[in-house]
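Peer 1: here is a sequence together with a model predicted from it:
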Amino acid sequence: MFSVLAEQQGATTGSLLMTFIPLILIFVFFYLLILRPQKKQEKQDQAMRENLEVGDEVVTNGGIVGIIFSIKEDTVVIETGGDRSKIRVKKWAIAKNETAHEEETKK
């Protein structure tokens, strides 16, 4: 009687493990294909924003193209257009730095 119960528990444990293996694999692939590259991109964007310099040509998330006029702690003043109008934006709103720096060209 005990051997029959032991066999049933072993079969239940094995089938339970086989049920969770695909779920675990889905989480592993989700992490490797989505979360890791996203975190890497966020780190690159943060590094780009920290290395902004006066005179860099930048593009904001809203599509505004301009040249950095001044930099504060969390804001940047951008000079845009032919009439040299100035716009103050948050650093997180800068999507791309169009100016190539020496460190980037050496890589």
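Peer 2: Done, it's in. Residues are numbered from 1 along each chain as shown.
Peer 1: alpha carbons only: can I get stretch 92-102 in CSV?
Peer 2: Output in CSV follows, covering the C-alpha atoms of stretch 92-102 (Å, rounded to 0.1, in the frame of the first residue of the first chain):
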residue,chain,number,x,y,z
TRP,A,92,14.8,63.6,-19.6
ALA,A,93,13.0,65.1,-22.7
ILE,A,94,16.2,65.0,-24.8
ALA,A,95,16.0,62.0,-27.0
LYS,A,96,19.2,62.2,-29.1
ASN,A,97,22.5,64.1,-29.2
GLU,A,98,23.4,64.8,-32.8
THR,A,99,26.9,66.0,-32.0
ALA,A,100,29.7,63.5,-32.2
HIS,A,101,32.3,63.7,-29.4
GLU,A,102,35.9,62.6,-29.5
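Peer 1: tell me the pLDDT at residue 84?
Peer 2: Note on residue 84: pLDDT of 89.
Peer 1: now do the contacts for the residue most central in space within the chain.
Peer 2: Central residue of the chain (CA atoms, centre = their mean): residue 42, 2.6 Å from the mean position. The contact partners of residue 42, taken as CB atoms under 8 Å, 6 or more residues apart in numbering, number zero. Any C-beta I mention is one placed from the backbone N, CA and C, and that applies to glycine too.
Peer 1: before we move on, what about residue 70?
Peer 2: Here residue 70 is in contact with 54, 76, 77 (criterion: CB under 8 Å, 6+ apart).
Peer 1: the first one reaches residue 71, doesn't it?
Peer 2: Yes: using CB atoms under 8 Å, residue 54 is in contact with residue 71, at 6.4 Å.
Peer 1: who has more neighbours out of the two?
Peer 2: Between residue 54 and residue 71, residue 71 has the larger neighbour count (other CB atoms under 10 Å), namely 14 against 11.
Peer 1: count of neighbours near residue 52?
Peer 2: Look at residue 52: counted by other CB under 10 Å, it has 16 neighbours.
Peer 1: can you pull the phi and psi angles for it?
Peer 2: Per-residue torsions, residue 52: phi -70, psi 140 (degrees, to the nearest 10).
Peer 1: and the nearest residue to residue 78 once chain neighbours are set aside, what helix or strand is that in?
Peer 2: Excluding the flanking residues, the one nearest residue 78 by CB to CB, 6 or more residues apart in numbering is residue 66, at 3.6 Å. Using DSSP states H and E, residue 66 sits in strand 65-71.
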